[in-house]
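Participant: Sequence and predicted structure, then a few things I'm wondering about:
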Amino acid sequence: MPVASQKKTAARRRPEPELIFGDLWAFDPAPESADPKLQSRYQLFIGGKFVAPKSRRYFESINPATEKPLAEIALASAKDVDAAYAAATKAAPAWSALPGAERGKYLYRLARLLQDRAREFAVAETLDGGKPIKESRDFDVPMAAAHFFYHAGWADKLAYAFPGATPVPHGVVGQVIPWNFPLLMLAWKIAPALATGNTVVLKPAETTSITALKFAEIVMEAGVPAGVINIVTGAGETGAAVVNHPQAAKVAFTGSTDVGKHIMRSTAGTGKKLTLELGGKAANIVFDDAPIDQAVEGIVNGIFFNQGHVCCAGSRLLVQESVAAKVLTRLRLRVKNLRVGDPMDKNTDIGAINSKAQLDKITELVAAGVDEGAEIYQPECTLPSPGWFFKPTLFSGVEQSHRIAREEIFGPVLSILTFRTTEEAIEKANNSAYGLSAGVWTDKGSRILKMSTALKAGVVWANTYNKFDPASPFGGYKESGFGREGGKQGLADYVKLT
Amino acid sequence: MPLGAPVALRRLFDEIGTVDAVGVEERVAKYATRSIKTGSKVVGLKLATTMVDLTTLEGKDTPGKVRALCVKGLHPHDDPDIPPVAAVCVYPAMVKHARKVLGYDSPINIASVATAFPSGQAPLRTRLAEVKAAVSDGADEIDMVINRGAFLAGEFGRMQDEIAAVVEACGPATLKVILETSELETYDNIRAASFLAMRVLREGDFIKTSTGKTSSNATLGNNQVMLDAIRDYYLDTGTAIAMKPAGGIKSAKQALTFLVAVKETLGDAWLTNSRYRFGASSLLNDLLRQLVKMKTGTYPAPYVFSEAAGTY
């Protein structure tokens, strides 16, 4: 046919086809304008009211996108932590004696108040943590509310959660949460503890304390009995005081593996119940029969969600060799479209790195990747200044022994490895100190079932990634910790069964 | 992959890959969260205006109605800043009336739906005769429907041969191949049909979602599957096929979301009316309404604008 032959000769003369994602149609900035209602100085929340720290010391919370201070936060000393535990201990008997339905009412109230002030919380979360407003608006705040709703539902049904046993609360729970999902982690910790009749002393991360203290305002508004929820702020020392306090019957920690190990040592032999949710280096495994475009989307969601500040981030991509080139081309095209910049802009996909220290750590690990011979790809984009930002980064040609394949980077950096057979994929995926999550992309249902049991990970997502639900338990294997959060399994960690 | 898909289709999927429906819908939902404000909104609205194939496809169409449509397409609004549309789209019998109004050096094209639109259920020679008649009456672009029966029966060769025959009958006219996505039912089938069509099309020819005559027409989902197919085909062969979603796009906001999909899937080269079109009758007035709002700050009432086709 003449048409077809003409086409062929024309195609041969053409240069390599490429797609250009330029600024023919540039989007104007679309800044979020809601008022986060921040105070200039935040006190500790102990015994149902805000109190000045006995240490009289304060530290600054910095907006990572501008490097400007947002508010002063009280620094809790050991004495302040003592006071918080005293308040929690005092409140515990009455709180645990409340009928479950009554406790549920408070939890529902907290959930609804969070929803009422969702936009305000989302803006505060983004200013404080650097994550894009669309994530705090569409994920963090709604999901935090969902956790309170979910656990409110359990509060009066505990007998059904543990048939044949009587669930008894531990008493006072000491909780320490990380900076990547400040409000959501607070919800994951506080909601099940309260539903099961415990009282809590919670320490948010020092760089992201603001939404926890705003949450304390909601706690007052909801009329939660004094002392049931106590929030103390500060850095590592405060955290150590919370964890090591003799009145802590249970300790729950989410954060780095190093600190987790330290906590394990310090709580050993004390009789304290402990759950740890630590680091991860998840394998996201793409087989050659996977729907490529959707897999690419899942890879992007897996590693660039919250700038990669996600313990279950799919930071090791394992691609079957036969489709590796194709997946990599599509991935690069997709990454070109990610918008890095002002987290308050509704069109921003990748916001600011939470702290200077974290940015330095990412930079160091990326340099190590280049040194070790992996091939780096970063899209052309200009990063705002001031502010702590990092370009989305793809490393191809990564080997198992490279640091970037073994260490948790906690940033927007993806290491790409290849495999040939299913067995090799399983072996490589499990060849890690961590085991928090994994992803599998394939059209074949039987392979999904096989992989889900063969992979040593707390969660295995199939043909999707980073899906969370309050009803679904989340937690790790190996150095990713132990204990579960969410679902019935999460509740079980907050009760003694007699 | 649907149960009982013919062997030929399975083989084709091995070659071109499959689509995960849940993943596609998640992806396209993100386009709608892009916030398009002020200057970028004006640019987007004007771009969308230049991409409209202003359409009337009704049994009750008359030369008078087509004349009104042509004039509206040329001068959508009093404001000289507002560009003309890309084309008017009419039945073959109306092509000569449109040509009379537009003349031979018109800035807008005449597109005509041929090949026994919308069902395609006529003998091939009749369909080809219809195409030739429309082109000789002055059509610049032909919108054809594929033989869905042949596709669903697994007779891919026949479906492709028919498209190739229409390509030849078109001569210099641009061809737009309507897949009628709702009758193909699955995203896998839409991807397969897109590839089968593209393999016999020329650079600059279109694949198009639907006739607008079934209950479900262009959606962000099927638009995305087809854009992905165009991108894959382009990266493999260097041949740039164009895209036209048709039917059901009524608001300016929807149109902008579709454009975001183009911007983020195919990039700048497809943000032009030679590579992307909207098949619509009522979309134009909403685009105008928004453009006037951007200029004056108030929304004009719908009756301020002239009737394009059918409804406001």
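Facilitator: Happy to help now that I have it. What you are looking at is a predicted structure, and each value in this text was computed from that prediction instead of being measured. Numbers count the residues shown, from 1 in each chain, chains lettered A, B, ... in the order given.
Participant: Which strand or helix spans B:Gly204?
Facilitator: In the assignment (DSSP states H and E), B:Gly204 maps to no helix and no strand.
Participant: What does B:Phe206 show for phi and psi?
Facilitator: Note on B:Phe206: backbone dihedrals following degrees, to the nearest 10 are phi -110, psi 150.
Participant: Just give the number of residues close to the residue nearest to A:Ala26 when sequence neighbours are not counted.
Facilitator: Excluding its sequence neighbours, the residue lying closest to A:Ala26 (CB to CB, 6 or more residues apart in numbering or on different chains) is B:Ser40, at 6.2 Å. No exception for glycine: its C-beta is placed from N, CA and C like everyone else's. B:Ser40: 19 surrounding residues under other CB atoms under 10 Å in any protein chain shown.
Participant: Is B:Ser40 in contact with A:Asp28, as I believe?
Facilitator: Yes. If you go by CB atoms under 8 Å, B:Ser40 and A:Asp28 touch, sitting 4.5 Å apart.
Participant: where's the residue nearest to A:Ala26 relative to B:Leu259, distance?
Facilitator: Distance, B:Ser40 to B:Leu259, using CB to CB, to the nearest Å: 10 Å.
Participant: what do those two both touch?
Facilitator: Here B:Ser40 and B:Leu259 share the contacting residues A:Trp25, scored by CB atoms under 8 Å, 6 or more residues apart in numbering or on different chains.
Participant: From chain A, how far out is the spatially most central residue of chain B?
Facilitator: With distances taken as CA atoms, centre = their mean, B:Lys244 lies nearest the centre of chain B, 2.7 Å away. Distance from B:Lys244 to chain A, counting by CB to the nearest CB, to the nearest Å: 18 Å.
Participant: Isn't that residue up against B:Tyr276?
Facilitator: Yes. In this structure, B:Lys244 is within contact of B:Tyr276 by CB under 8 Å, at 7.2 Å.
Participant: near chain A, which residues of the stretch 51-200 of chain B?
Facilitator: When proximity is defined as CB under 8 Å from any CB of the partner chain, the stretch 51-200 of chain B approaches chain A at B:164, B:167-168, B:200.
Participant: ChimeraX command to pick out the buried ones of those?
Facilitator: Buried subset of these, written as a ChimeraX selection, criterion 16 or more other CB atoms under 10 Å in any protein chain shown:
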select /B:164,167,200
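Participant: State the pair within the residues of the stretch 51-200 of chain B next to chain A that is farthest apart.
Facilitator: Spatially, the most separated pair among those is B:Glu168 and B:Val200, at 10.1 Å (CB to CB).
Participant: Could I get the full set of helices for the stretch 1-150 of chain A?
Facilitator: Applying DSSP state H, counting those that start in this stretch to the stretch 1-150 of chain A gives helices spanning A:2-13, A:78-97, A:100-116, A:118-129, A:133-135, A:141-155.
Participant: Reformat these as TSV; add distance to A:Val366, mean neighbour count and mean pLDDT.
Facilitator: Compiled in TSV, those are given as follows (distance: least, CB to CB, whole Å; neighbours: other CB atoms under 10 Å in any protein chain shown; pLDDT from 0 to 100):
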stretch	distance to A:Val366	mean neighbour count	mean pLDDT
helix A:2-13	38	11	52
helix A:78-97	37	20	98
helix A:100-116	36	19	98
helix A:118-129	21	25	98
helix A:133-135	23	24	97
helix A:141-155	30	23	98
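Participant: of all the ones you listed, which lies closest to chain B?
Facilitator: The closest of those to chain B is helix A:2-13. By CB to the nearest CB, the value is 4.7 Å.
Participant: And the one residue in chain B that gets nearest to chain A, how far from B:Leu9?
Facilitator: Nearest residue of chain B to chain A: B:Gly23, at 2.8 Å (CB to the nearest CB). Taking CB to CB as the measure, B:Gly23 falls 20 Å from B:Leu9.
Participant: can you give me the strands for the stretch 251-400 of chain A?
Facilitator: Counting by DSSP state E, counting those that start in this stretch, one finds strands in the stretch 251-400 of chain A at the ranges A:273-277, A:283-286, A:316-320, A:375-377, A:393-396.
Participant: Pick the most buried one from the ones you listed.
Facilitator: Neighbour counts (mean count of other CB atoms under 10 Å in any protein chain shown) averaged over each of the strands of the stretch 251-400 of chain A peak at strand A:283-286, with a mean of 28.
Participant: Can you verify my assumption that B:Val188 contacts B:Asp20?
Facilitator: Residue B:188: Asp, not Val. No. Counting by CB under 8 Å, B:Asp188 does not reach B:Asp20; the two are 9.4 Å apart.
Participant: ok, back up a step: between B:Lys244 and B:Tyr276, which contacts overlap?
Facilitator: Between them, B:Lys244 and B:Tyr276 share no contacting residue, judged by CB under 8 Å, 6+ apart.
Participant: Excluding sequence neighbours, find me the nearest residue to B:Pro107.
Facilitator: Leaving aside its chain neighbours, B:Pro107 sits nearest to B:Pro84 (5.5 Å; criterion: CB to CB, 6+ apart).
Participant: And B:Ile16, by the same measure?
Facilitator: Closest residue in space to B:Ile16, ignoring its immediate chain neighbours: B:Phe195 at 5.1 Å, by CB to CB, 6+ apart.
Participant: On the pLDDT front, check the one you found for me.
Facilitator: B:Phe195 carries a pLDDT score of 98 in this model.
Participant: Tell me the first helix or strand C-terminal of the helix or strand where it lies.
Facilitator: Element membership of B:Phe195, judged by DSSP H and E, is helix B:187-198. Per DSSP H and E, helix B:187-198 leads on to strand B:206-208 as the next helix or strand towards the C-terminus.
Participant: List the buried residues of that following strand.
Facilitator: By neighbour count on 16+ other CB under 10 Å, the buried set for strand B:206-208 is B:206-208.
Participant: neighbouring contacts of that strand?
Facilitator: B:143, B:174-179, B:194, B:197-198, B:201, B:226, B:229-230, B:241-246, B:277, B:279.
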